[in-house]
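Undergrad: Next come a sequence and a model predicted from it.
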Amino acid sequence: MERVAARELPEAMRVARPGAMVAFGRQDVNAAGYGEAVRAARAGGFEAVERLAGGRAAVFHEQTVALAWAVAERDALTGTHRRFVKLAAALAAALDALGVDARVGEVPGEYCPGEYSLNARGRKKLVGIGQRVIGGGAHLGAVVVVDGAERVRDVLIPVYSALGLQWDPDTTGSIADEIGSVSWPDVAQEIIVQLGRRYDLEPRGLDAETLALAERLEPQHSSPAVG
């Protein structure tokens, strides 16, 4: 996001397979129960990190797809809604192509609630989308739950309890729950296909300077050690 906003890199989208982590939003970090929530996440086998975008604690693990979209815009704030709509539409198309009855919108009681969440049948949250705007650009992040909905649910029960958040664990879902067995590569590929129908994509790797910047910034996003 920083390098794209500074016009050092072109607009970029990254599709990746993350490790197990609970990503806490700014409201979570400032909550009285944050330390207890961090301990609960780590006790459940998840690293605790602090994320850029708003919203409440979200979960990534090896059976989720992490999407990052960095865009340069002089007045990035005015395009916030438009970017949300575009990304939600692309991801909804990917889920539809896979056989999911995908809908855009918040399911009552969902974790990390958001207007642009994607759900199945209006009942199970499958995708969360967040956005961060800075001077000259913006970053959208999404997490798509391919499989392992129970891992999301099980770690968030104690985490949300520590944060004092009310939610309905039964709203947690996955693509596999909806259509049966599906592989992570197949889901990731379908997301790339749908993005490619909307944007001119050119495959590229992360350059050394971007990786070095990420290493320097990483400590700022690690949740503190708590006793």
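TA: Now that the structure is in, tell me what you want to look at.
Undergrad: Please name every helix or strand in contact with the helix or strand where I191 lies.
TA: Take DSSP states H and E as the rule and I191 turns out to sit in helix 184-198. Under the contact definition 3 or more CB pairs under 8 Å, 6 or more residues apart in numbering; DSSP states H and E, helix 184-198 sits against strand 12-16, strand 64-72, helix 80-98. C-beta: built from backbone N, CA, C; applies to glycine.
Undergrad: and of these, who's closest to E202?
TA: Between E202 and the helices and strands packed on helix 184-198, the shortest separation by CB to CB is 9.9 Å, and it involves strand 12-16.
Undergrad: So for that closest one, what gets flagged as buried?
TA: By neighbour count on 16 or more other CB atoms under 10 Å, the buried set for strand 12-16 is 12-13, 15.
Undergrad: still on that earlier bit, how about residues contacting the very next helix or strand once past the helix holding I191?
TA: Next helix or strand after helix 184-198 toward the C-terminus (DSSP H and E): helix 208-217. Helix 208-217 is contacted from outside by 2-3, 8-9, 206, using CB atoms under 8 Å, 6 or more residues apart in numbering.
Undergrad: Now do the longest strand seen in the chain: which elements does it pack against?
TA: The single longest strand within the chain, with elements called by DSSP state E, is strand 124-134. In this structure, strand 124-134 makes packing contacts with helix 80-98, strand 118-120, strand 137-145, helix 175-179, judged by 3+ CB pairs under 8 Å, 6+ apart.
Undergrad: Tell me which of those sits nearest to F60.
TA: strand 137-145 (5.5 Å).
Undergrad: Give me the mean pLDDT for the closest one.
TA: Mean pLDDT, taken over the full extent of strand 137-145, equals 96.
Undergrad: now that strand against strand 12-16, angle please.
TA: 20 degrees (axes from the mean of the first three to the mean of the last three CA atoms, to 10 degrees).
Undergrad: Past strand 137-145, which element shows up next along the chain?
TA: helix 149-163.
Undergrad: elements contacting that following helix?
TA: strand 21-24, helix 34-43, strand 58-60.
Undergrad: would you list the ones you listed in a markdown table and tack on distance to W69 and mean pLDDT?
TA: Below are the helices and strands packed on helix 149-163 laid out as a markdown table (distance: least, CB to CB, whole Å; pLDDT from 0 to 100):
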| stretch | distance to W69 | mean pLDDT |
| --- | --- | --- |
| strand 21-24 | 16 | 98 |
| helix 34-43 | 26 | 98 |
| strand 58-60 | 16 | 97 |
